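Colleague: turn this into a model:
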Amino acid sequence: MPVTIDAARTEDLPMKRHETELRLSEVNHRIANNLTLIASLVRMYGADVAKRRDEVSNEETRVFLCSVSTRIDVVGRLHRLLSAEPALTEVDLGGYLREVCDGLLSSVCRPGGFAFTYDLADDCQVPID
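Modeller: All right, here's what the predicted structure looks like:
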C-alpha cells in the first residue's frame, strides 16, 4: 500500500512546532513568575509573623493559607487553559476571563460573602500572539 505525504502539511510543520515552542515558553514563564510571587508572599508573611509580639490568630492563618492555595489553583488553571491544545493559534478569551474571575472570587475565601457577576461572550477567540 503506497504512502501519500501531503507536501503542504509537511511544510507547515516547522512553523507549527515553532509556535508550540513559543507558547510553551510563555506558559512556563508565567508559571515561574506566579510561583515566585507565591514564594515571596509566604516569605513576607513569615517575616511579619516573626516581628509580631502577639500571636497570629487562627483566622489570620486560615485566610493567608486560603490565599496561597487560591494563587496556586489559579496558576494551575492558567496552565491547563494555555496548554490544553498546543496547536491552537487562538484562545477563548471568555473562557480565560471566566477562569480568572472564578479564581479571584474564590480567593476571597469567604463563601457567600461576595457577589460577583460577569457577562462574557460564549465564543470570543483571540490570537495567542
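Colleague: list phi and psi for residue 126.
Modeller: When read as degrees, to the nearest 10, the backbone of residue 126 gives phi -130, psi 150.
Colleague: OK, contacts around the nearest residue to it once chain neighbours are set aside?
Modeller: Spatial nearest neighbour of residue 126, excluding adjacent residues (C-beta to C-beta, 6 or more residues apart in numbering): residue 93 at 4.8 Å. Using the backbone N, CA and C atoms, a C-beta is placed for each residue, glycine as well. The neighbourhood of residue 93, defined by C-beta atoms under 8 Å, 6 or more residues apart in numbering, consists of 120, 124, 125, 126.
Colleague: tally of neighbours for residue 15?
Modeller: By the measure other C-beta atoms under 10 Å, the count of residues near residue 15 is 9.
Colleague: what about it, distance to residue 22?
Modeller: According to C-beta to C-beta, to the nearest Å, residue 15 and residue 22 sit 11 Å apart.
Colleague: per-residue pLDDT of residue 38, please?
Modeller: For residue 38, the model assigns a pLDDT of 83.
Colleague: and the gap between it and residue 66?
Modeller: Residue 38 sits 13 Å away from residue 66, going by C-beta to C-beta.
Colleague: how about residue 56?
Modeller: Taking C-beta to C-beta, one finds residue 56 at 14 Å from residue 66.
Colleague: show me the strands in this protein, by range?
Modeller: According to DSSP state E, the chain carries its strands in the segments 90-92, 125-127.
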